[in-house]
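Asker: Here is my input; please provide its structure:
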Amino acid sequence: MEAMATDNGRTRLDGNDILITAFYCFVKLDDHERMQPPLRQHCLDNDVRGIILLAAEGINATIAGPRDGVMAVIDRLRCDPRLSRLEWKESIAQGQPFRKLRVRLKKEIITMGVPTIDVAEHSGRYVEPEQWNELIQQEDVLVIDTRNTYETGIGTFKGAIDPGIESFSELPDWLDRNLDPGRHRKVAMFCTGGIRCEKSTAYLRQAGFDEVYHLKGGILKYLEHAARESSLWEGECFVFDERVSVGHGLVPGNLDLCRGCRAPIDDMDKSRPEYIEGVSCPSCHDQTSPEQKQRFAQRQMQVRLASGRGEHHMGHQPMSDSVS
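Answerer: Prediction:
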């Protein structure tokens, strides 16, 4: 999925390759409901599919199509002065990974359960990857991983605190119970691609915390630029696509994905009796019903049949990286 070769910062496409872009922007969009119909039509006119989330707090999307079509959509968005500085990540796929286009109206573009947060106004201070090591090694800085347990379990920054949450919406309660602006004067937060820690820092700042920092571009940008010998990252980084995890230089890791629960698994997990390809792993085997296992088994059979025909089964498509 990740393209390494670029021309002027743009991914090179070969033959029938499809360009995938992921982007988000926290900005006040009071007219997001009116934006939906023309944006949807513009995507259809340019043969672009994927998912776009619109809310009063901004936009979050992963879209795919021919380069000209995808860039036409991004250019249209950037014509809006509020989105003129929109940035995106690029990768490629051998064929369209999305079955359809969805442009949805949401209360939040990344669900934290606190819609009163003004991220555009209150997010913390960006820290470039090159300065991140110096910051998190300071004794008075509390470093917090804002990701879920299935992500933190395979890798995190040295010395970082893992809140032990199963979903991002659990983080506000953990922060309320464990952090005090009077005692924790400096807080540094990070996530996969930046969107979760950006919202988390805004939550803390609105709660009275002053010095709150977050890693610009997230873990992925750090791993892209940090030298292995000086890196403070330990393990691998879970990603929301078929690579499952990456390491330094964004080289794909050694993990696979359980198709039953979407948790990362290794060779030891796959050697256990609870592991059934496409159906279950040791983490979820006792959590799913016989009916669910039967559905997953039928899906896996369709995946095998599609693979035998040299086709890509849509039920096996990659997860979106836009909510990282």
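
Asker: per the record, what domains does the chain have?
Answerer: The record's domain parsing of the chain by automatic domain parsing lists 6-105, 119-235, 255-316.

Asker: Any idea which of those gets closest to Gly113?
Answerer: Checking those against Gly113 by Cβ to Cβ gives domain 119-235 as the closest, at 4.2 Å. C-beta here means a position set from N, CA and C on the backbone, and glycine is covered the same way.

Asker: end-to-end on that closest one?
Answerer: The first residue of domain 119-235 is 30 Å away from its last residue (Cα to Cα, to the nearest Å).

Asker: ok so Val114 is a helix residue?
Answerer: No: assessed with DSSP: H, G, I helix; E, B strand; the rest coil, Val114 is coil; it does not lie in a helix.

Asker: Isn't it up against Pro172?
Answerer: Yes: using Cβ atoms under 8 Å, Val114 is in contact with Pro172, at 5.5 Å.

Asker: list the residues that contact both of those two?
Answerer: Tyr203 (Cβ atoms under 8 Å, 6 or more residues apart in numbering).

Asker: Compare the two (neighbour count), which wins?
Answerer: Neighbour count, other Cβ atoms under 10 Å: between Val114 and Pro172, Pro172 has more, with 19 against 14.

Asker: How confident was the prediction at that one?
Answerer: Note for Pro172: predicted pLDDT of 96.

Asker: which SS class is it?
Answerer: helix.

Asker: How about Pro97?
Answerer: Strictly by three-state DSSP, Pro97 counts as coil.

Asker: Please work out how many residues are found near it.
Answerer: 22.

Asker: for the stretch 201-324 of the chain, what spans make up the strands?
Answerer: 211-215, 233-235, 237-238, 245-246, 256-257, 264-265 (DSSP state E, counting those that start in this stretch).

Asker: contact partners of the fourth one?
Answerer: Applying Cβ under 8 Å, 6+ apart, the external contacts of strand 245-246 come out as 2, 154-155, 220, 223, 236-239, 252-255, 264.

Asker: and the gap between Trp88 and Asp75?
Answerer: Distance of Trp88 to Asp75, given as Cβ to Cβ, to the nearest Å: 11 Å.

Asker: out of those two, which sits in the busier spot?
Answerer: Neighbours were counted for Trp88 and for Asp75 using other Cβ under 10 Å; Trp88 has more, 19 against 11.
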